[in-house]
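[1] One predicted model, sequence on top.
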Amino acid sequence: MHHEELRELTGAYALDAVSERERREFETHLDVCPICSEEVRSLRAAAAELAAAVPYRRPPPELRSRVLASIEKSASATTTSGLTTSMQSRAAWWLAAAASLTAVAIGVYALTLRSQVKLLESELRIARVQAATAQQQLAQAQNDIRLVNASMEILVSPDVVRFDLKGRGRAPNATARAFWSRSRGVLFAAAALPALPSTEVYQLWLIAAGGPVSAGLLAPNAAGSTMMLSETKADVAKAFAVTIERAGGVEKPTLDAMVLMGAAP
Amino acid sequence: MTHFSAANEVVGESSTDRGIVRRLAGGDRSALADLYDRHSGVVYSLAYRIVGSPDAEDVVQDVFAQAWRQADRYDPDRATVVAWLLNMTRTRAIDRLRADRTRQRLTVHEEPLATAPQQQADQEQGAIHAERASRVRAALGMLAAAQRQALELAYYAGLTHTEIAERLGEPLGTVKTRIRSALLKLRAALLEQV
């Protein structure tokens, strides 16, 4: 079977829904295929979430003491386990403990080494495959760094002014803050903005001496939060406001569609 | 105008949990009581869903005993403590289910996956678990019914894809693909929620 056919098995394998023989065959393939390995890893993570979807059931109260009592008899992780309780003589017990401790310790050590080597080999293959993605992520990270630096410049600027905006209208619970520096622009953050249909968009306005100037469109995430940097320049900002406009934005704000508003302190 | 590409990570791991497992690895028995008090609910709920009572109680006991024995092997980089426990729970529960089935030829009990939040029961287990439960159920709601059924049979009923194909009277290839699509879709739906 070649890779494209085998790849269809990643889901069943991630759920342990394969026979013993299929499992072994597939694992042989995984050893040489970073694409399938990566897919299995991410599908396993998704599958693990299914554990959370069950109805909640409170365990019976007597189970607690039963569980805690059950470990009284067994050894902890710091010693070996699996000794039978039928060993009578104390001397025999100690001898057996020493012998099995060594055997188990060597066994565990060898297993650890072998699995570490396998893990490293697999990671090396995956790393090579992910090199191209890393390039992309680097570019993204560099962009993020630039944004953070630009935000910092606004926040530490000597002429920074803070505006606290309150929600109203269609976003009564929304809150927002704008940090405005005449020389650098505005850093704007908002929370609890309701989702809009695709025909509408939130637009930020800087209310300057001569009237409202658009400072850009907002793009809140699923939780209704957003952060934005805008280099809109103006001599003085009397207030900041957000309105709901048609998708794409408009030149002048629709005042009765205002959802956030905050005047200069 | 530029936007931040912030990806909000759902905070699932607690340093308290890691601390408890470290104590457990050091042989501290009171740590097991702490671990039990924090997570016996979700462990039992999953076990009960898979094998029902009274086997679920045995599974819970086995899981915490295993956690006690293997605490020194727990690797925080590979999974959260809860995921580690739930993984053990599912494995043990499915093993027990398959053994029972072979021995007693039990029929497979099919229970449709809930997609709506279950308010009252979930509130009891704490806000974090309740939130997680309703998140996963909402994501499951994005799947087709046939996909949900495939996940139900594989994850909770412990059937192999061959057994699922036989049970549904469908070709094996179809079932294989359906399981994979279901998980890919579930993953996408979960990521979209962030």
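    Looks like it arrived, so ask away. Numbering: from 1, shown residues only, chains lettered A, B, ... in the order given.

[2] tell me the contacts of residue 155?
    Using chain A. A:Leu155 makes contact with A:Phe179, A:Leu187, according to C-beta atoms under 8 Å, 6 or more residues apart in numbering or on different chains. Any C-beta I mention is one placed from the backbone N, CA and C, and that applies to glycine too.

[3] think we crossed wires, I meant chain B
    Counting by C-beta under 8 Å, 6+ apart, B:Tyr155 touches A:Leu15, A:Ala47, A:Leu50, B:Arg90.

[4] Could you list the buried residues of the helix or strand encompassing A:Glu38?
    Under the criterion of DSSP states H and E, A:Glu38 resides in helix A:34-48. Within helix A:34-48, the residues that qualify as buried are A:Pro34, A:Cys36, A:Ser37, A:Glu38, A:Glu39, A:Val40, A:Leu43, A:Arg44, A:Ala46, A:Ala47, A:Ala48, counting by 16 or more other C-beta atoms under 10 Å in any protein chain shown.

[5] ok, back up a step: looking at the contacts of B:Tyr155, state which has the most neighbours.
    Counting by other C-beta atoms under 10 Å in any protein chain shown, A:Leu15 has the largest number of neighbours within the contacts of B:Tyr155, with 28 neighbours.

[6] Surely that residue touches B:Ile179?
    Yes - here A:Leu15 reaches B:Ile179: they are 6.7 Å apart, a contact under C-beta atoms under 8 Å.

[7] what residues are shared contacts of the two?
    With contacts taken as C-beta under 8 Å, 6+ apart, the residues that reach both A:Leu15 and B:Ile179 are B:Leu151, B:Ala154.

[8] Is there proximity between stretch B:168-178 and chain A?
    Yes - on the criterion C-beta under 8 Å from any C-beta of the partner chain, stretch B:168-178 is in touch with chain A at B:Gly173, B:Lys176, B:Thr177.

[9] May I see the buried residues of that stretch?
    Going by neighbour count (16+ other C-beta under 10 Å), the buried part of stretch B:168-178 is B:Leu168, B:Val175, B:Lys176, B:Thr177, B:Arg178.

[10] For the first one, which non-adjacent residue is spatially closest?
    Right, B:Leu168. In this structure, B:Leu168 finds its nearest non-sequential neighbour in B:Val175, 7.0 Å apart by C-beta to C-beta, 6 or more residues apart in numbering or on different chains.

[11] The one you found: what's it in contact with?
    Neighbouring residues of B:Val175 by C-beta under 8 Å, 6+ apart: B:Ala150, B:His161, B:Ile164, B:Ala165, B:Leu168.

[12] quick check, nearest of those to A:Ala190?
    Among the contacts of B:Val175, B:Ala150 lies closest to A:Ala190 (C-beta to C-beta), at 41.0 Å.

[13] now that closest one: how far from A:His2?
    Computed as C-beta to C-beta, to the nearest Å, the B:Ala150 to A:His2 distance reads 25 Å.

[14] where does the residue nearest the centre of chain B sit relative to A:Asp164, distance-wise?
    In chain B, the residue lying closest to the centroid (C-alpha atoms, centre = their mean) is B:Leu86, at 5.4 Å. According to C-beta to C-beta, B:Leu86 and A:Asp164 sit 43 Å apart.

[15] cool, and A:Ala237?
    Distance from A:Ala237 to A:Asp164, counting by C-beta to C-beta: 13 Å.

[16] same thing with B:Trp84?
    44 Å.

[17] what's the answer for A:Asp16, then?
    Distance, A:Asp16 to A:Asp164, by C-beta to C-beta: 53 Å.

[18] Who has more neighbours out of these two?
    For the pair A:Asp16 and A:Asp164, the greater number of neighbours falls to A:Asp16 (17 against 12), based on other C-beta under 10 Å.

[19] Who are the contact partners of that one?
    Per C-beta under 8 Å, 6+ apart, neighbours of A:Asp16: A:Arg23, B:Thr91, B:Ile94, B:Gly158.

[20] quick check, nearest of the residues of stretch B:168-178 next to chain A to chain A?
    Chain A lies nearest to B:Lys176 out of the residues of stretch B:168-178 next to chain A, by C-beta to the nearest C-beta, at 4.8 Å.

[21] Send me the helix or strand containing the closest one as PDB with only the CA atoms.
    Element membership of B:Lys176 [criterion: DSSP H and E] is helix B:172-192. The C-alpha coordinates for helix B:172-192 follow below in PDB (Å, rounded to 0.1, in the frame of the first residue of the first chain):
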ATOM      1  CA  LEU B 172     -14.600  -0.300   4.600                       C
ATOM      2  CA  GLY B 173     -13.100   2.500   2.500                       C
ATOM      3  CA  THR B 174     -16.100   4.700   3.000                       C
ATOM      4  CA  VAL B 175     -15.900   4.300   6.800                       C
ATOM      5  CA  LYS B 176     -12.200   4.900   6.900                       C
ATOM      6  CA  THR B 177     -12.600   8.200   5.000                       C
ATOM      7  CA  ARG B 178     -15.600   9.200   7.000                       C
ATOM      8  CA  ILE B 179     -13.700   8.800  10.300                       C
ATOM      9  CA  ARG B 180     -10.800  10.800   9.000                       C
ATOM     10  CA  SER B 181     -13.000  13.600   7.600                       C
ATOM     11  CA  ALA B 182     -14.900  13.600  10.900                       C
ATOM     12  CA  LEU B 183     -11.800  14.200  12.900                       C
ATOM     13  CA  LEU B 184     -10.400  16.800  10.400                       C
ATOM     14  CA  LYS B 185     -13.700  18.600  10.600                       C
ATOM     15  CA  LEU B 186     -13.800  18.400  14.400                       C
ATOM     16  CA  ARG B 187     -10.300  19.800  14.600                       C
ATOM     17  CA  ALA B 188     -11.200  22.700  12.200                       C
ATOM     18  CA  ALA B 189     -14.400  23.500  14.200                       C
ATOM     19  CA  LEU B 190     -12.400  23.600  17.400                       C
ATOM     20  CA  LEU B 191      -9.700  25.800  16.000                       C
ATOM     21  CA  GLU B 192     -12.400  28.200  14.600                       C
END
